[in-house]
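In: structure for the following, please:
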Amino acid sequence: MDYILLTIVLAPLAGSLIAGLFRNQVGRAGAHWTTIIGVGISCALSFYVFYQYAFNGAPVHNETVYTWMVVDGLRMEIGFLVDRLTAMMMVVVTFVSLMVHIYTIGYMAHEEGYQRFFSYIALFTFSMLMLVMSNNFLQLFFGWEAVGLVSYLLIGFYVKRETAIFANLKAFLVNRVGDFGFILGIAAVAMYMGTLDYYEAFERAPALANATVVVWGDDAWSLMTLICILLFVGAMGKSAQVPLHVWLPDSMEGPTPISALIHAATMVTAGIFMVARMSPLYELSETALSFVLIIGATTAFFMGLIGIIQNDIKRVVAYSTLSQLGYMIAALGASAYAAGLFHLMTHAFFKALLFLAAGSVIIGMHHDQDIRNMGGMRKYMPITHWTFLIGTLALIGFPGFAGFFSKDAIIEAVHFSRIFGSDYAYWLLLSGVFVTALYSFRLYFIVFHGKGPRHFEPHHDVHDENGDAEAQEHHPVHDEPKPHESPWVVTVPLVLLAIPSVVIGYLAIGPMLFGEYFDGTLTVAPIHATLSEIDFHGAAGFILHGLSGPAVYLAAAGALVAWFVYTRKPNIATDLARRFSWIYRVLDSKYGFDSFNQWFFAGGARQLGKVLWQAGDRAFIDGAVVNGSARSVAWLASVTRYLQTGYLYHYAFAIILGLLGLLSWFVIR
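Out: Next comes the predicted model:
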């Protein structure tokens, strides 16, 4: 098993190194073939491992591969923990990544930096695998930072575009805020539990359940609450939860394949996985669970609202990711870890499908991303249309599709939760169902229905193959090349992702949520076992149960409103935006988070830097220390040089004075 696990991790890394370091030797074809083969091997072996754990009952594999160092008894190691949770994550990461790699051949066909992009996305896969397969906090942190680094490189892939550089720097800095809390949480685990190994930490945690620490002042804090919240601050950054969510919409500056990979299988899912893996710790702090629940529900509803007014096709899907991540986080806060992970899995398939289908539309529209210039695309791109519709139905939770099972399970679990904030979370999540259907079908109807694609507006930007922004000249409609279906390397991944978007929920809900799949992997206190209160009688029975609740009808209402407003009476949307302009301005400003960060953090940091430069660098260091010491030496030299006259009688006179002074000192003494 060790060799299989090492191959799973190292195969994408080998492909990345070959494509990156030997890009001139292997060329474009060599770059995509080496990375695809590497990720393909990893994917095939991940399915084998999943089969062994899901169907053959393979025992938990927890082995140390390499001991880096031991410091005062604290072991820092590289090792693998593989159980059913890990096996599921490995399949999701490698399968979605493989689809993205294949898709990239078509999407990036005319881009410069082709080999570099393939090297980065394969490295992304390696980093995420190191994270999910880790058996200790040190390796977890390595994978955590590695996915952050590669996301920085990929978001800023178009190095000549200022908006891309701003976006990747923004992502990097916001995640550093979250990672500061994350590393403090890991340090607290090492300090109070004396280990970085997961299982050892989990075994020692119950003895510290009532332990307190003094952070400042005289107030005592629960140690477990402090550790869990600090770790969750890291998850807030990686999984883009309010208020550390601001980087994720701007990540759209990267090419579409990396948007799919970040939003579906890597990076943002890291926080969900981490909290679920740490369930033995979180179950010891109800305060931390409430904090997680409230943050998740707030993100799910309020970020979904922003998606309603977006006009960039990728940004609509991006705000959808923010909202769905909120659902997953809320499930974790309600101790429905299995439901959160189940939604992570189903969401990975249909969100990758939506992003890649959106990228296919962008190809057909000659890289125009403004949905106001689209319409009637179903006539030109039938495969893209049907797969996008499947992804949309899965996203809104249409009965029988993957998202229905996972989202309804989360809403039900939160409804049964009794911890503080559960009522607030339930109503926000339920309202979010309507919002999700509204912005999803708004996007679908505008893009794929209507009379046909409009001409490019002169003020819109498109990007050439070098990533440079160029103003698109105005052309009459008849001069624009008609949209067309994308090549097979783009459409085949869409079809392969559409299949699990339909069937995976029906197949997996029984064993994952109400069976024994996660037994021994996730820890849930009996008082928090909300999933056990759901009456489950098979997948078909769950569909019938869903039809008796409000969520399905809220989704239907959202889709109906979107159809009426954006196809039958499009002037209604304009009238509402004008009548409730203040609401539109609030949503358009993204609740002011970007402005606040720009004014307080970015502006404040610049002002602080300016003050420190003036007072510290120029006045103290340059003025007092460097120039001041130079001036002091010059003054002292200018005085002492008068003592060196070159006349013998001056020196004799000085010697006599010195001798008299020395004799006087002895006499007085």
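In: residues near residue 499, how many?
Out: Counted with other CB atoms under 10 Å, residues neighbouring residue 499 total 13. Every residue, glycine included, has its C-beta placed from N, CA and C.
In: which ones are touching the residue nearest the centre of the chain?
Out: The chain has residue 268 as the residue nearest its centroid, 2.7 Å off, counting by CA atoms, centre = their mean. If you count contacts by CB atoms under 8 Å, 6 or more residues apart in numbering, residue 268 has them with 238, 239, 240, 248, 262, 321, 325.
In: turn the residues you listed into JSON lines, columns for secondary structure and distance to residue 483.
Out: Formatted as JSON lines, those follow (DSSP: H, G, I helix; E, B strand; the rest coil; distance: CB to CB, whole Å):
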{"residue": "238", "secondary structure": "helix", "distance to residue 483": "36"}
{"residue": "239", "secondary structure": "coil", "distance to residue 483": "35"}
{"residue": "240", "secondary structure": "coil", "distance to residue 483": "32"}
{"residue": "248", "secondary structure": "helix", "distance to residue 483": "28"}
{"residue": "262", "secondary structure": "helix", "distance to residue 483": "26"}
{"residue": "321", "secondary structure": "helix", "distance to residue 483": "25"}
{"residue": "325", "secondary structure": "helix", "distance to residue 483": "31"}
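In: so what does the helix or strand hosting residue 224 touch, helix or strand wise?
Out: Per DSSP states H and E: residue 224 is located in helix 223-238. For helix 223-238, the packing partners by 3 or more CB pairs under 8 Å, 6 or more residues apart in numbering; DSSP states H and E come out as helix 137-155, helix 162-193, strand 212-214, helix 268-277, helix 279-282, helix 286-307.
In: what do you get if the cut-off is 10 Å, keeping everything else the same?
Out: Using 3 or more CB pairs under 10 Å, 6 or more residues apart in numbering; DSSP states H and E, the elements in contact with helix 223-238 are helix 137-155, helix 162-193, strand 212-214, strand 220-222, helix 268-277, helix 279-282, helix 286-307, helix 313-333.
In: pull the CA atoms of that helix into CSV?
Out: Output in CSV follows, covering the C-alpha atoms of helix 223-238 (Å, rounded to 0.1, in the frame of the first residue of the first chain):
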residue,chain,number,x,y,z
LEU,A,223,-8.6,25.7,25.5
MET,A,224,-10.6,23.5,23.0
THR,A,225,-12.7,26.5,21.9
LEU,A,226,-9.6,28.5,21.3
ILE,A,227,-7.9,25.8,19.3
CYS,A,228,-11.0,25.0,17.2
ILE,A,229,-11.7,28.7,16.4
LEU,A,230,-8.1,29.4,15.5
LEU,A,231,-8.1,26.4,13.2
PHE,A,232,-11.4,27.5,11.7
VAL,A,233,-9.9,31.0,11.0
GLY,A,234,-7.6,29.2,8.6
ALA,A,235,-10.6,27.4,7.0
MET,A,236,-12.4,30.8,6.7
GLY,A,237,-9.5,32.0,4.5
LYS,A,238,-9.1,28.8,2.4
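In: that one vs helix 286-307, what angle?
Out: 20 degrees (axes from the mean of the first three to the mean of the last three CA atoms, to 10 degrees).
In: who's in contact with stretch 562-579?
Out: 308-309, 371, 375, 396, 437-446, 449-450, 561, 583-585, 587-588 (CB atoms under 10 Å, 6 or more residues apart in numbering).
In: wait, residue 316 sits on residue 374?
Out: No - look at residue 316 against residue 374 with CB atoms under 10 Å: they stay out of range, at 11.8 Å.
In: tell me the SS of residue 160?
Out: Judged by DSSP: H, G, I helix; E, B strand; the rest coil, the three-state class of residue 160 is coil.
In: neighbours around it, how many?
Out: 12.
In: excluding chain neighbours, what is closest to residue 113?
Out: With CB to CB, 6 or more residues apart in numbering as the criterion, residue 113 has its nearest non-adjacent residue at 6.6 Å, and that residue is residue 157.
In: part of a helix, is the one you found?
Out: No - with three-state DSSP as the criterion, residue 157 is coil rather than part of a helix.
In: surely it and residue 124 touch.
Out: No - the pair residue 157 / residue 124 is not scored as a contact, 11.8 Å apart, by CB under 10 Å.
In: the more surrounded of the two?
Out: For residue 157 and residue 124, the more surrounded residue by other CB under 10 Å is residue 124, and the numbers stand at 28 against 20.
In: pass me the low-pLDDT residue ranges in this protein, would you?
Out: Within the chain, the ranges that satisfy pLDDT under 70 run 452-481, 601-605, 669.
In: what about 50?
Out: Applying pLDDT under 50 to the chain flags residues 455-478.
In: quick one: the longest strand seen in the chain to helix 137-155, angle?
Out: The residue-count maximum for a strand in the chain (DSSP state E) belongs to strand 61-71. Put simply, strand 61-71 runs at 100 degrees to helix 137-155, going by the same axes, to 10 degrees.
In: in PDB, list the C-alpha atoms belonging to the helix or strand following strand 61-71.
Out: Using DSSP H and E, the helix or strand that follows strand 61-71 towards the C-terminus is strand 74-82. C-alpha atoms of strand 74-82 as PDB (Å, rounded to 0.1, in the frame of the first residue of the first chain):
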ATOM      1  CA  LEU A  74       7.900  16.600  19.300                       C
ATOM      2  CA  ARG A  75       8.100  14.500  16.100                       C
ATOM      3  CA  MET A  76       7.900  16.200  12.800                       C
ATOM      4  CA  GLU A  77       7.100  13.600  10.100                       C
ATOM      5  CA  ILE A  78       5.700  13.000   6.700                       C
ATOM      6  CA  GLY A  79       3.100  10.200   6.600                       C
ATOM      7  CA  PHE A  80      -0.100   9.000   5.200                       C
ATOM      8  CA  LEU A  81      -3.500   8.500   6.900                       C
ATOM      9  CA  VAL A  82      -5.800   6.700   4.500                       C
END
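In: now stretch 53-62, how far from the centre of its chain.
Out: Here stretch 53-62 is found 29 Å from its chain centre; the criterion is CA atoms, centre = their mean, to the nearest Å.
In: quick one: buried residues of it?
Out: 53, 54, 58, 61 (16 or more other CB atoms under 10 Å).
In: gap between the second one and residue 501?
Out: Residue 54 sits 20 Å away from residue 501, taking CB to CB, to the nearest Å as the criterion.
In: ok, now the last one?
Out: According to CB to CB, residue 61 stands 30 Å off from residue 501.
In: and if you look at the first one?
Out: In this structure, residue 53 lies at 23 Å from residue 501, with CB to CB as the measure.
In: with residue 619 instead?
Out: Taken as CB to CB, the span from residue 619 to residue 501 is 62 Å.
In: neighbour count for those two, which is higher?
Out: The neighbour count for residue 619 versus residue 501, taken as other CB under 10 Å, is higher for residue 501 (27 against 11).
In: which positions in the helix or strand where that one lies come out as buried?
Out: Element membership for residue 501 (DSSP H and E) is helix 488-513. Neighbour-count burial for helix 488-513 flags 489-494, 496-498, 500-502, 504-506, 508-509, 512-513 (criterion: 16+ other CB under 10 Å).
In: overlap of the contact sets of residue 316 and residue 374?
Out: The contact lists of residue 316 and residue 374 share 443, 446, 447, where a contact means CB under 10 Å, 6+ apart.
In: what's the distance between the second one and residue 285?
Out: In this view, residue 446 and residue 285 are 45 Å apart by CB to CB.
In: so these two - more neighbours on which side?
Out: Neighbour count, other CB under 10 Å: between residue 446 and residue 285, residue 446 has more, with 23 against 20.
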